[in-house]
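S.K.: Sequence isn't available, so here's the structure alone:
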């Protein structure tokens with residue numbers, strides 16, 4: 001950076017907003033950054049030394065956010081640099097928060113938020129292009145006039161090293177603070193009660209940003225804007241998955257309002273320690289601003305926008321319809337074995353209801369010894385099967401056993417992920433394959449169902465080395481099928497065998513899955529969640545069979 005040819009752009013403020021401001025230092029962005037303590041402005045001497053380090057004849061710009069401490073210290077430092085060193089130096093104050101309206105802001109004005117990062121990038125790129133000081137200041141004024149930011153958070157942040165004060169304000173669980181500042185400042189609205197979905201939250205935020213009839217907060221009119229820049233900023237605690245989903249929904253909701261962002265920036269730019277929230281920034285941009293936003297920089301904290309056409313194709317892309325599997329009702333088996341449809345529907349729906357009823361317990365078990373998704377995955381599969389059995393097949397109740405099994409298998413495959421989803425999918429595909437190979441056109445017998453279950457178990461065993469004794473769902477599935485095949489005691493005996501197998505897993509050392517890495521205290525106190533899921537299914541299956549038989553005996 002040649003300080004005599006390029007304007008020195010400096011920014012700073014309190015710590016706790018990383019990557020701002022130090023990680024925006026680099027060619028094409030900031031020449032230097034100065035940091036205070038957490039959420040506290042750097043003092044005058046710090047700012048003075050920072051300005052002194054990068055002084056040059058091209059001039060200097062100090063970019064700050066509109067907070068009282070920053071305004072006083074940076075302006076005082078600027079005066080000191082002028083008087084002591086004769087520097088050409090100006091201060092740009094960013095104020096982009098729309099949560100603070102004209103009435104509340106009064107003479108102080110709006111707070112500075114993530115929009116300041118766009119100011120860093122644009123002025124930094126102008127400096128690299130050797131634009132003169134006054135032209136940079138004119139651009140800063142235009143950027144400030146086109147910036148609007150709205151934030152939301154689930155809670156306040158706690159400053160490390162400070163004691164928790166029971167009297168300090170707190171956001172109740174399920175409440176949301178709309179308009180939260182980056183230093184725990186209160187917002188403009190508290191959403192209480194059951195949490196709304198993300199679309200509702202985004203719509204509320206966009207209303208504050210875009211409503212031209214709100215005379216108190218309509219700081220920027222985006223109607224008819226030539227270009228609009230979008231920035232989704234992580235306040236610190238959001239995962240990449242969550243932030244990506246938020247970016248998707250914000251882009252979609254803007255599109256409904258007729259706004260297609262020319263650039264979309266998504267990431268952590270201006271955090272609030274580990275704040276559980278995000279902010280939306282919109283900039284009414286000119287073509288020149290876009291040029292400077294696109295200009296290269298070596299600053300490590302700057303996350304560029306993907307090309308607009310690429311982003312649009314990513315949002316709009318869908319798998320082509322030819323990749324969809326053919327409808328299962330159009331597939332046929334060799335001899336079209338029939339099925340007792342009423343019995344099948346009753347049995348399967350009973351099994352699903354049984355498994356869904358114990359989902360909380362299975363989830364609790366899996367939270368202790370796994371990743372907590374076993375019960376939720378099973379519930380999702382059961383819901384998909386319920387839906388599949390509620391849709392009449394194209395052949396009505398004359399659909400074959402093969403077609404019904406394919407419908408169940410397809411529902412499982414489409415809805416269940418993870419290892420358990422794969423095993424259930426293999427089992428039902430194995431059932432369907434076995435039935436397809438059977439001879440006959442009559443209704444399937446108990447013996448044929450038993451044979452199909454044996455074949456399905458073998459299909460699973462060909463893929464996984466897990467067996468009874470390895471603390472997996474196989475500890476319940478294998479005993480169930482084996483007891484069913486033995487023929488003595490029928491379905492009731494098979495269910496009891498599954499229960500015994502699952503109960504044996506309590507205290508059993510795991511050989512597969514994430515439970516291998518869990519402290520033995522965990523797997524000694526709870527049974528295997530997957531095995532308990534199988535138990536719930538077969539218990540429901542037996543209950544469904546008994547219910548149908550009891551009903552028919554009364555006829």
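M.R.: Now that the structure is in, tell me what you want to look at. Predicted, not measured: the structure shown is a model, and the values here were computed from it.
S.K.: wait, doesn't residue 500 sit right on residue 479?
M.R.: Yes - between residue 500 and residue 479 a contact is recorded at 6.7 Å, counting by CB atoms under 8 Å. From N, CA and C alone the C-beta is placed, and that goes for glycine too.
S.K.: okay, the two: which has more neighbours?
M.R.: The residue with more neighbours, out of residue 500 and residue 479, is residue 479; 23 against 14, by other CB atoms under 10 Å.
S.K.: Surely that one is in a helix?
M.R.: Yes - according to DSSP: H, G, I helix; E, B strand; the rest coil, residue 479 belongs to a helix.
S.K.: which residues touch it?
M.R.: Neighbouring residues of residue 479 by CB atoms under 8 Å, 6 or more residues apart in numbering: 468, 494, 497-498, 500-501.
S.K.: Could you do residue 121 as well?
M.R.: Contacts of residue 121 (CB under 8 Å, 6+ apart): 24, 29, 292-293, 297, 302.
S.K.: From those residues, pick the one nearest residue 385.
M.R.: Proximity of these to residue 385 (CB to CB) peaks at residue 302, which lies at 48.1 Å.
S.K.: List the residues that contact residue 494.
M.R.: 479-481, 483-484, 538 are the contacts of residue 494 under CB under 8 Å, 6+ apart.
S.K.: Could you check the helix or strand where it lies and say which residues are buried?
M.R.: Using DSSP states H and E, residue 494 maps to helix 490-503. Using 16 or more other CB atoms under 10 Å as the test for burial, helix 490-503 gives 491, 494-499, 501-502.
S.K.: same question, stretch 291-301
M.R.: 292-293, 295, 297, 299, 301.
S.K.: again, but for stretch 46-65
M.R.: For stretch 46-65, the buried set under the neighbour-count rule, 16+ other CB under 10 Å, comprises 46-48, 50-51, 54-56, 58-65.
S.K.: Tell me where the stretch 51-200 of the chain has strands.
M.R.: For the stretch 51-200 of the chain, strands defined by DSSP state E, counting those that start in this stretch occupy the ranges 60-65, 89-94, 147-153, 176-178, 189-191.
S.K.: Quick check: which element contains the residue nearest the centre of the chain?
M.R.: When CA atoms, centre = their mean is applied to the chain, the residue found nearest the centroid is residue 242 (2.3 Å). According to DSSP H and E, residue 242 maps onto helix 240-256.
S.K.: want to throw the buried residues of stretch 291-301 into TSV with pLDDT and secondary structure?
M.R.: Formatted as TSV, those follow (pLDDT from 0 to 100; DSSP: H, G, I helix; E, B strand; the rest coil):
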residue	pLDDT	secondary structure
292	98	helix
293	98	helix
295	98	coil
297	98	coil
299	98	coil
301	97	coil
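S.K.: Out of those residues, the closest to residue 283 would be?
M.R.: Comparing these against residue 283 with CB to CB places residue 293 closest, at 8.8 Å.
S.K.: so the closest one makes contact with residue 124?
M.R.: No - judged on CB under 8 Å, residue 293 makes no contact with residue 124 at a distance of 10.3 Å.
S.K.: just to revisit the earlier point, what's the spacing between the helix holding residue 494 and its chain's center?
M.R.: Taking CA atoms, centre = their mean, to the nearest Å, one finds helix 490-503 lying 40 Å from the centre of the chain it belongs to.
S.K.: Quick one: mean pLDDT for that helix?
M.R.: The pLDDT scores in helix 490-503 average 96.
S.K.: what's the answer for stretch 75-82, then?
M.R.: Mean pLDDT, computed over stretch 75-82, is 97.
S.K.: distance between it and the chain's centre?
M.R.: With CA atoms, centre = their mean as the basis, stretch 75-82 stands 45 Å off its chain's centre.
S.K.: Where does the prediction get shaky in the stretch 151-300 of the chain?
M.R.: Along the stretch 151-300 of the chain, the model assigns pLDDT under 70 to residues 163-173.
S.K.: again, 80 this time
M.R.: Counting by pLDDT under 80, the ranges of the stretch 151-300 of the chain that qualify are 161-174, 193.
S.K.: same thing with the stretch 401-550 of the chain?
M.R.: Where the stretch 401-550 of the chain drops to pLDDT under 80, the residues are 439-442, 510, 512-524.
S.K.: where along it do the helices fall?
M.R.: With DSSP state H, counting those that start in this stretch applied, the stretch 401-550 of the chain shows helices at 401-415, 418-436, 446-461, 474-486, 490-503, 520-525, 529-553, listed in chain order.
S.K.: for these, which one sits closest to residue 73?
M.R.: Evaluated with CB to CB, these place helix 520-525 nearest to residue 73, the distance being 52.3 Å.
S.K.: Out of the helices of the stretch 401-550 of the chain, which is closest to residue 363?
M.R.: Across the helices of the stretch 401-550 of the chain, closest to residue 363 is helix 529-553 (CB to CB), at 7.8 Å.
S.K.: can I see the domain layout of this structure?
M.R.: Following automatic domain parsing, one finds the domains of the chain at 8-159+170-316, 329-553.
S.K.: what about those, which gets the closest to residue 2?
M.R.: Proximity to residue 2 (CB to CB) singles out domain 8-159+170-316 among the domains of the chain, at 7.3 Å.
S.K.: For residue 53, list the residues it contacts.
M.R.: Contacts of residue 53 (CB under 8 Å, 6+ apart): residue 32.
S.K.: hmm, I was thinking of residue 490
M.R.: Counting by CB under 8 Å, 6+ apart, residue 490 makes contact with residue 484.
S.K.: I'd like the distance from it to residue 546, if you could.
M.R.: Remark: distance between residue 490 and residue 546 (CB to CB, to the nearest Å) = 11 Å.
S.K.: same question, residue 98
M.R.: As judged by CB to CB, residue 98 and residue 546 stand 63 Å apart.
S.K.: Which one's more surrounded, those two?
M.R.: More crowded of residue 98 and residue 546, by other CB under 10 Å: residue 98, with 28 against 15.
S.K.: Quick check: that one vs residue 115, distance?
M.R.: For residue 98, the distance to residue 115 equals 10 Å [CB to CB].
S.K.: Common neighbours of those two, please.
M.R.: By CB under 8 Å, 6+ apart, residue 98 and residue 115 have these common neighbours: 148-149.
S.K.: Please spell out which residues along stretch 275-294 are buried.
M.R.: Going by neighbour count (16+ other CB under 10 Å), the buried part of stretch 275-294 is 275-286, 289-290, 292-293.
S.K.: end-to-end on that stretch?
M.R.: One end of stretch 275-294 to the other measures 29 Å (CA to CA, to the nearest Å).
S.K.: any idea how far it is from the chain center?
M.R.: For stretch 275-294 - counting by CA atoms, centre = their mean - the centre lies 22 Å from the chain centre.
S.K.: Which parts of the stretch 201-350 of the chain are strands?
M.R.: So, for the stretch 201-350 of the chain - with DSSP E, counting those that start in this stretch - the strands run 227-234, 263-267, 277-285.
S.K.: so what does the shortest one touch, helix or strand wise?
M.R.: Contact analysis of strand 263-267 by 3 or more CB pairs under 8 Å, 6 or more residues apart in numbering; DSSP states H and E lists strand 227-234, helix 240-256, helix 287-294, helix 308-316 as its packing neighbours.
S.K.: That one: partners in the sheet, and parallel or antiparallel?
M.R.: strand 227-234 (parallel) (DSSP bridges).
S.K.: Tell me who's in contact with the nearest residue to residue 113 once chain neighbours are set aside.
M.R.: Of all residues not flanking residue 113 in the chain, residue 149 sits nearest, at 4.2 Å (CB to CB, 6 or more residues apart in numbering). Counting by CB under 8 Å, 6+ apart, residue 149 touches 96-98, 113-115, 209, 279-282.
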